[in-house]
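*Asks:* mind looking at a prediction? Sequence and model below.
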Amino acid sequence: MSGDFTPGRAVELAPGIRRVVARNPGPLTGPGTNTYLVGVEEIAVVDPGPADPLHVEAIVAAAGGSIGWVLATHTHRDHSPACLLLRERTGAIVVGRRGPRDGRQDRRFAPDLEPGDGERVLIEGFSLRCVPTPGHASNHVCWLVEESGWLMSGDHILGDVSPVILPPDGDMGDYLDSLARLRGLPLSRVAPGHGPVIDSPVGAIDALVAHRLRREARVLAALDAAQPAALDDLLPGVYADVDASLHELARNTLLAHLIRLERLGRAEQAGPGWRRTAAG
């Protein structure tokens with residue numbers, strides 16, 4: 001049953017944890033944005049998704065109990081716009097961190113509370129702890145259900161898919177540091193923002209780190225082959241294994257890798273291009 005991604009249908013994943021998928025499938029969202037309902041009598045909703053009144057009605061219908069809280073992992077427009085609609089519909093308290101005005105955010109997001117590191121939302125039988133995880137977005141947090149070790153990971157961990165990093169708000173160094181932090185937590189399952197539940201959190205985290213470091217090695221090899229090299233000249237070789245239709249998105253993550261390498265002293269900008277440093 002947990003593999004059912006029918007939009008609007010409530011699927012029980014674990015005692016007190018259900019998923020309702022939004023009606024926004026696509027190349028970046030998979031079957032759609034996963035909205036999670038935590039609780040039984042009192043409900044906390046995590047990532048209510050796009051501003052779709054039909055999805056909001058599906059969330060309310062699935063909740064059964066009273067929705068007291070609405071939590072956002074971050075403010076990209078496939079995750080947080082329905083916070084406003086759900087607050088208007090239920091009177092729930094919205095919790096999340098505001099994002100920058102970079103053209104990629106939900107500009108209407110206006111939380112009642114901005115959570116600090118380790119702050120908790122307490123509902124009957126459940127404690128959801130805020131774990132800041134900048135990287136995919138600077139205001140990204142994950143929500144850990146402490147009783148069971150389930151992590152609502154937003155777009156930080158997506159299973160077989162590596163999240164896009166979007167500079168300047170997104171940061172590859174922060175992303176890897178956040179993965180290291182999550183690896184040290186007592187996780188039992190990861191409930192991602194898109195796609196199926198991840199049963200092996202440590203394995204998924206290690207695979208993401210290994211993937212990013214392999215990509216970084218390809219960036220360095222591409223710089224060796226042509227120095228200096230413009231971003232668009234590096235892109236086809238570094239992402240030869242990725243469908244060309246996704247290269248525009250991959251261009252952002254390539255830039256994020258180069259910025260990280262620059263901070264590590266392994267690459268530097270040279271006019272309009274990039275090159276390896278002597279220490280790189």
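*Replies:* Alright, I've got the coordinates.

*Asks:* the nearest residue to residue 138 once chain neighbours are set aside - how many residues pack around it?
*Replies:* Closest residue to residue 138 apart from its sequence neighbours, by C-beta to C-beta, 6 or more residues apart in numbering: residue 169 at 5.0 Å. (Each C-beta comes from the backbone N, C-alpha and C, glycine too.) Number of residues near residue 169 (other C-beta atoms under 10 Å) recorded here: 21.

*Asks:* ditto for residue 204
*Replies:* Neighbours of residue 204 using other C-beta under 10 Å come to 22.

*Asks:* kindly list the main-chain dihedrals of the residue nearest to residue 138?
*Replies:* phi -70, psi -40 (degrees, to the nearest 10).

*Asks:* where exactly do the strands run in the stretch 1-150 of the chain?
*Replies:* With DSSP state E, counting those that start in this stretch as the criterion, the stretch 1-150 of the chain has strands at 11-14, 17-21, 34-38, 42-46, 66-71, 93-95, 120-123, 126-132, 141-145, 150-154.

*Asks:* tell me which stretches of the stretch 151-280 of the chain form helices.
*Replies:* Counting by DSSP state H, counting those that start in this stretch, the segments of the stretch 151-280 of the chain that form helices are 172-183, 201-225, 231-238, 247-263.

*Asks:* please apply the same query to the stretch 1-150 of the chain.
*Replies:* Under DSSP H, counting those that start in this stretch, the stretch 1-150 of the chain gives helices at 53-63, 82-90.

*Asks:* what residues sit buried inside the first one?
*Replies:* This points to helix 53-63. 55, 56, 58, 59, 60, 62, 63 (16 or more other C-beta atoms under 10 Å).

*Asks:* let me know the pLDDT of the fourth one.
*Replies:* Reading off the per-residue confidence, residue 59 sits at a pLDDT of 98.

*Asks:* for it, what are its contacts?
*Replies:* Residue 59 makes contact with 20, 35, 37, 45, 48, 67, 82, 86 under the criterion C-beta atoms under 8 Å, 6 or more residues apart in numbering.

*Asks:* and for the last one?
*Replies:* By C-beta under 8 Å, 6+ apart, the residues touching residue 63 are 37, 43, 45.

*Asks:* the first one bridge partners, please.
*Replies:* Per DSSP bridges, residues listed as beta-bridge partners of residue 37: residue 18, residue 45.

*Asks:* for residue 47, see how far away it is.
*Replies:* 11 Å (C-beta to C-beta, to the nearest Å).

*Asks:* compare those two and say which is more crowded by neighbours.
*Replies:* Neighbour count, other C-beta under 10 Å: between residue 37 and residue 47, residue 47 has more, with 29 against 24.

*Asks:* can you report how many residues lie near residue 91?
*Replies:* Residue 91: 10 neighbours (other C-beta under 10 Å).

*Asks:* oh, that last question was meant for residue 240, not what I typed.
*Replies:* 10.

*Asks:* same thing with residue 263?
*Replies:* 12.

*Asks:* distance check, the nearest residue to it once chain neighbours are set aside against residue 166.
*Replies:* Of all residues not flanking residue 263 in the chain, residue 173 sits nearest, at 6.2 Å (C-beta to C-beta, 6+ apart). According to C-beta to C-beta, residue 173 and residue 166 sit 14 Å apart.

*Asks:* then residue 247?
*Replies:* The gap separating residue 247 from residue 166 is 15 Å, by C-beta to C-beta.
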